[in-house]
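[1] model this:
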Amino acid sequence: MLSNQEIRRYKKQILVPDFGEAGQEKLKKSRVIVIGAGGMGTAALQYLASAGVGEIAICDNSIIEESDFQNQLIFKSNDLGKHKSIVVKANLESFNDLNTYTIFNIFISKENAKIICSDFDLIIDTANDRKISQILDEVSSELNIPMVLSSCLQNKYTIAVLNFNKGPHLKEILFKENNHNAGANNLTSKTCFGASDGIAGSIVALEAIKILSGKGEVLSNRILSIDPINLKFEFTKF
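    Model (predicted):
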């Protein structure tokens, strides 16, 4: 049940048609883990926190670098050299203390992914690393936990929802398009504008909200490709 404070705070989205207090209560009871606190991940995290997702976990073991300030607006100049996950948690707590936040200051691997992700209702992969995506896809499928994937290569983005309502797995979409962005093997291959990461992160958060609340049409059985520079949004069906 929502408190009076929560009803006031989330009033605007509670008033969204067919969402209501029932949808908000589902978000409050939900548990989400975000893998990767980069540009896409931090944008998604901020919107998930603002939406009132009850428990949010951040998994990232990297250190804040100066180049992160351009596309990761959750960080400030005096955060340079600090652990991303710790700073993100502190900032989200000050932003919305009605939620619970957990951190995993660790690198996701085949050995620990299942243990880390097993207690969550949704996995969000914004690590932009194919090997990590493959590991998370296997865990998502095995545990029957849906996953939202977002990746970027040369300022072009790919977003997909995996293992949702018997939907596709990563291996089914990985080579669907010759220039599929999920081909990015590591973060060094990424070039982007900060605002472009914000677009992708916002869409990721919205897909998560729809999945968790059971409201709206989820991006399943389709790949969304975004070219922000040329303002192109394309869908590829399976």
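
[2] from now on I want contacts and neighbour counts done on CA atoms only, so please keep to that.
    OK.

[3] for the one helix or strand Asn91 maps to, packing partners?
    Assessed by DSSP states H and E, Asn91 sits inside helix 84-95. Other elements packing on helix 84-95 under the criterion 3 or more Cα pairs under 8 Å, 6 or more residues apart in numbering; DSSP states H and E are helix 39-51, strand 55-59, strand 100-104.

[4] any chance of TSV for the ones you listed, columns distance to Phe193?
    Below are the helices and strands packed on helix 84-95 laid out as TSV (distance: least, Cα to Cα, whole Å):
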stretch	distance to Phe193
helix 39-51	9
strand 55-59	23
strand 100-104	27
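
[5] got the ones you listed as CSV, with mean pLDDT and distance to Lys215 columns?
    Below are the helices and strands packed on helix 84-95 laid out as CSV (pLDDT from 0 to 100; distance: least, Cα to Cα, whole Å):
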stretch, mean pLDDT, distance to Lys215
helix 39-51, 98, 14
strand 55-59, 98, 19
strand 100-104, 98, 23
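
[6] so for Leu170, which of these sits nearest?
    If you check each of the helices and strands packed on helix 84-95 against Leu170 by Cα to Cα, helix 39-51 wins as the nearest, at 18.9 Å.

[7] which residues touch Asn96?
    Going by Cα atoms under 8 Å, 6 or more residues apart in numbering, Asn96 touches Ala49, Ser50.

[8] what about it, distance to Glu6?
    11 Å (Cα to Cα, to the nearest Å).

[9] and what of Ser77?
    From Ser77 to Glu6 the distance is 32 Å (Cα to Cα).

[10] who's more crowded, these two?
    Counted by other Cα atoms under 10 Å, Ser77 and Glu6 do not tie: Glu6 has more neighbours, with 16 against 11.

[11] any idea which element that one lies in?
    Applying DSSP H and E as the criterion places Glu6 in helix 4-9.

[12] list the buried ones in that helix?
    Glu6, Ile7, Arg9 (16 or more other Cα atoms under 10 Å).
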